[in-house]
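Asker: using only what follows, build the 3D model:
(one chain, ligands or ions: 3)
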Amino acid sequence: MTNNKVLGHWVEEVAALTRPDQVRWCDGSDGEYREFIDLMLETGDLRELNQETHPNCYLHRSDPSDVARVEHLTFVCTKNQEDAGPNNHWMEPADAHALIDGLFEGCMKGRTMYVIPYCMGPIDSPYSRCGVEITDSPYVVANMKIMTRMGKAALERIEREGTFVRGLHSIGELDPERRYIMHFPEELSIKSYGSGYGGNALLGKKCHALRIASYQARQEGWLAEHMLIVGVQSPEGETHYIAAAFPSACGKTNLAMLIPPESHKGWKIWTVGDDIAWMHLREDGRLWAINPEAGYFGVVPGTNADTNRNAYEMITHDTIFTNTATTLDEQPWWENKDDGKHPTWDWQGRPYNDHSGPAAHPNSRFTVSASQNPSYSPEAEAKYGVPISAIVFGGRRAHVAPLVLQSRGWAHGVLVGAGAASETTAAATGKTGVVRRDPMAMKPFCGYNFADYWSHWLSFENKSDKLPEIFHVNWFRKNADGKFLWPGFGENLRVLRWIIDRCEGRVDARHTPIGHIPKPADLDVSGLDIDDDTLEQLLSVNDIEWRIELDEVAGFFKEFGDRVPKRLAEMRLKIEKDLTNRAA
Ligand code: GTP
Ligand code: SPV
Ligand code: MN
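Answerer: Ligands and ions are numbered 1, 2, ... in the order given. Prediction:
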């Protein structure tokens, strides 16, 4: 219950539409979480995993047709279609409400309606924003408890401030034909029907903290981004914070909790966030970032003691697994877990055999509190966040993109981000491995026209001379045999070191038309099994490939017409000319 009239009225209105058997206001307590877990164990929504090896770990098997974000069913409903831009599916707001309200009508009969007040960001931070999600899924409530600051304190803040983002969610019939994720940025509201999975259903995450927040951030002069935030501490005790945007399933969680390799004694990594950053320019001229989330909804496959020991260990207790396989003794199992065990049941609970594809779903996930991460930074609770030294864009590119490059200043960095592309992954439904433009890793998440978004990014240039340096990385370049050229994971620290050295003006670079690239001797590869030729391949810029790349960027920009900032178009053209002249 609440003393906020607007909230109280909205909850009544939703109950009248959806007609639940009961309405339950969630207080976010541990006792309440336990109660929901027990309820789901009873209904079969959760299965208990081996409590000796994995205390308080549970497995949720989602509907097999509901295993990832559904970009083709995700809409941004602004009054003018142009404001949503070609990067979003659009529907006229009144039509969208009518369509989805028709689905919501009576959908909670026989169910309990849960009211979840939550806060994105530290509860006392001026940069944090609150929301209320109404849902009929106890699984969503349990996940929101881990992923956000949920319950009493959030409700108090809402009552104090009087503002909140409204999110209405129902799993409906889990019918892909009756599934929509609708955003109304002008109304600060979200309506999601027919999916119980991840970003479709945990509305604080992509729907609020990215699509709605990016829209608000533009109006208010800040940035809401699909970025991890990591602190890199040198043996001398100097810490730099880096914010990095890679598309879904392209390495944010892994980089955010990287373990320095044996060769890097004395280095320490601090995780502030693994998926979303809200960044504000402060009076000191620096860009400061907070992580609006309180937990991780991370990709399970590939997580093992070598690739990501921090994650591997933190998910041995108090974790909700979604769509992993299981062993005979009910331990969670996934591809490349490398624990010597074998799956007995696949992610759908069917007997597993080697011919039935991966045992765990490629987009199977863990939900875990950030406080369980051994490298969790105390600064993640800081009111104003952490000051960012470098912004890193990235993607999964078998070819073309070098291991790392630095832009020539902020505006060129915006072009590097705007032109970025990556191979699609299992984090969204649809074909995987297809190269597509994914500007700033925000293709699925920008709540307004990309052209306006790039203008907004450019607008920071004149506001400060202490903005972060901007880089681009690619851990996924492959050789002719299809093998990764770079070892990745912990060894990525070597690239972060070069990035920091560049920020501090401590190292020179090779200047190319597309940006500054490390001189091979400046990238520390000591102890790695990398010969000169491989390093040369990793750092190579092929002029012909890049002319094609820039041509594709031009084609992409064209979709946005005159709204594309002239500055970006001109810079792109200049680089293309420089590449051509270099060849001549
Ligand atoms: P979302 O949660 O979907 O936003 O994904 P993310 O960007 O956090 O990706 P995550 O760190 O979970 O990594 C996704 C997949 O890429 C996992 O299977 C990882 O094992 C793999 N991966 C991460 N970092 C590297 C790397 O440096 N090299 C290679 N080869 N694979 C990596
Ligand atoms: C992503 O796809 O980028 C995720 C997972 O972080 S989800 O919450 O499903 O969007
Ligand atoms: Mn993500």
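
Asker: and for the residue nearest to residue 246 when sequence neighbours are not counted, the neighbour number?
Answerer: Computed as C-beta to C-beta, 6 or more residues apart in numbering, the closest residue to residue 246 that is not its neighbour in sequence is residue 394, at 4.3 Å. Heads up, the C-betas are built off the backbone N, CA and C, glycines and all. By other C-beta atoms under 10 Å, 26 other residues sit near residue 394.

Asker: then residue 87?
Answerer: Burial of residue 87 is recorded as 22 neighbouring residues (other C-beta under 10 Å).

Asker: who touches the nearest residue to it once chain neighbours are set aside in this structure?
Answerer: Spatial nearest neighbour of residue 87, chain neighbours left out: residue 450 (4.5 Å); criterion: C-beta to C-beta, 6+ apart. Residue 450 makes contact with 85, 86, 87, 418, 439, 442, 560, according to C-beta atoms under 8 Å, 6 or more residues apart in numbering.

Asker: do you know the pLDDT at residue 378?
Answerer: pLDDT recorded at residue 378 is 96.

Asker: swap that for residue 501, please
Answerer: Here the pLDDT value assigned to residue 501 is 98.

Asker: element containing the closest residue to it other than its chain neighbours, please.
Answerer: Spatially, and ignoring its direct neighbours in sequence, residue 501 is nearest to residue 507 (4.1 Å; C-beta to C-beta, 6+ apart). Using DSSP states H and E, residue 507 sits within no helix or strand.

Asker: residue 507: how many residues sit nearby?
Answerer: Residue 507: 18 surrounding residues under other C-beta under 10 Å.

Asker: can you check residue 329 too?
Answerer: By other C-beta under 10 Å, the residues close to residue 329 number 11.

Asker: and the residue nearest to it when sequence neighbours are not counted, what does it touch?
Answerer: Residue nearest to residue 329 in three dimensions, not counting chain neighbours: residue 50, with 5.5 Å by C-beta to C-beta, 6+ apart. Going by C-beta under 8 Å, 6+ apart, residue 50 touches 57, 329, 330, 331.

Asker: on the pLDDT front, check the last one for me.
Answerer: Each residue has a pLDDT score; the one for residue 331 is 98.

Asker: how close does it get to ligand 2?
Answerer: 24 Å (C-beta to the nearest ligand atom, to the nearest Å).

Asker: what is the neighbour count of the nearest residue to residue 406 once chain neighbours are set aside?
Answerer: Leaving out its chain neighbours, the residue that sits closest to residue 406 by C-beta to C-beta, 6+ apart is residue 516, at 4.2 Å. Look at residue 516: counted by other C-beta under 10 Å, it has 19 neighbours.

Asker: do I have it right that residue 516 meets residue 405?
Answerer: Yes - shown here, residue 516 and residue 405 form a contact pair, counting by C-beta atoms under 8 Å, at 6.4 Å.

Asker: residues contacting the residue of the stretch 1-150 of the chain found nearest ligand 3?
Answerer: Residue nearest to ligand 3 within the stretch 1-150 of the chain: residue 69 (9.0 Å; C-beta to the ion). Listed by C-beta under 8 Å, 6+ apart, the contact set of residue 69 reads 197, 198, 199, 200, 206, 248, 427, 428, 429, 444.

Asker: one more: residue 109?
Answerer: By C-beta under 8 Å, 6+ apart, the contact list for residue 109 reads 19, 20, 21.

Asker: which SS class is the second one?
Answerer: I take that to be residue 20. With DSSP: H, G, I helix; E, B strand; the rest coil as the basis, residue 20 sits in coil.

Asker: the residue in the stretch 351-500 of the chain positioned nearest to ligand 2 and residue 395: what is the separation?
Answerer: As assessed by C-beta to the nearest ligand atom, ligand 2 sits closest to residue 427 within the stretch 351-500 of the chain, at 3.6 Å. Distance of residue 427 to residue 395, computed by C-beta to C-beta, to the nearest Å: 13 Å.

Asker: ligand 2 contacts on the stretch 101-250 of the chain?
Answerer: Proximity of the stretch 101-250 of the chain to ligand 2, by C-beta under 6 Å from any ligand atom, involves residues 198, 199, 205, 206, 248.

Asker: correct me, but the residue nearest to residue 246 touches residue 420?
Answerer: Yes - the criterion here is C-beta under 8 Å, and residue 394 meets it with residue 420 at 7.4 Å.

Asker: who touches both of the two?
Answerer: Counting by C-beta under 8 Å, 6+ apart, the residues touching both residue 394 and residue 420 are 441, 472.

Asker: would you mind listing what in the stretch 351-500 of the chain touches ligand 2?
Answerer: Taking C-beta under 6 Å from any ligand atom, the part of the stretch 351-500 of the chain that reaches ligand 2 is made up of residue 427.

Asker: re the thing from before, separate out the buried members of the residues of the stretch 101-250 of the chain next to ligand 2.
Answerer: Neighbour-count burial within those applies to 198, 199, 205, 206, 248; the criterion is 16 or more other C-beta atoms under 10 Å.

Asker: who's in contact with residue 267?
Answerer: Neighbour list for residue 267: 232, 233, 234, 235, 260, 493 [criterion: C-beta under 8 Å, 6+ apart].

Asker: leaving out chain neighbours, which residue sits closest to residue 245?
Answerer: Nearest residue to residue 245, sequence neighbours excluded (C-beta to C-beta, 6+ apart): residue 441, at 4.0 Å.

Asker: can you name the residues that contact that neighbour?
Answerer: Neighbouring residues of residue 441 by C-beta under 8 Å, 6+ apart: 226, 227, 245, 246, 247, 248, 250, 393, 394, 395, 420, 422.

Asker: relative to residue 425, how far out is it?
Answerer: 11 Å.

Asker: equivalent analysis for residue 326, please.
Answerer: Relative to residue 425, and taking C-beta to C-beta, residue 326 is found at 24 Å.

Asker: give the helix, strand or coil label for residue 456.
Answerer: helix.

Asker: residue 218 is in contact with that one, correct?
Answerer: Yes - the pair residue 456 and residue 218 qualifies as a contact (C-beta under 8 Å) at a distance of 4.7 Å.

Asker: and the two? Which one has more around it.
Answerer: The neighbour comparison of residue 456 against residue 218 (other C-beta under 10 Å) goes to residue 218, with 22 against 19.

Asker: where's that one, which helix or strand?
Answerer: For residue 218, the host element (DSSP H and E) is helix 213-220.

Asker: what residues does that helix touch?
Answerer: Residues contacting helix 213-220 (C-beta under 8 Å, 6+ apart): 120, 129, 185, 188, 223-225, 278, 292, 442, 445-448, 452-453, 456.
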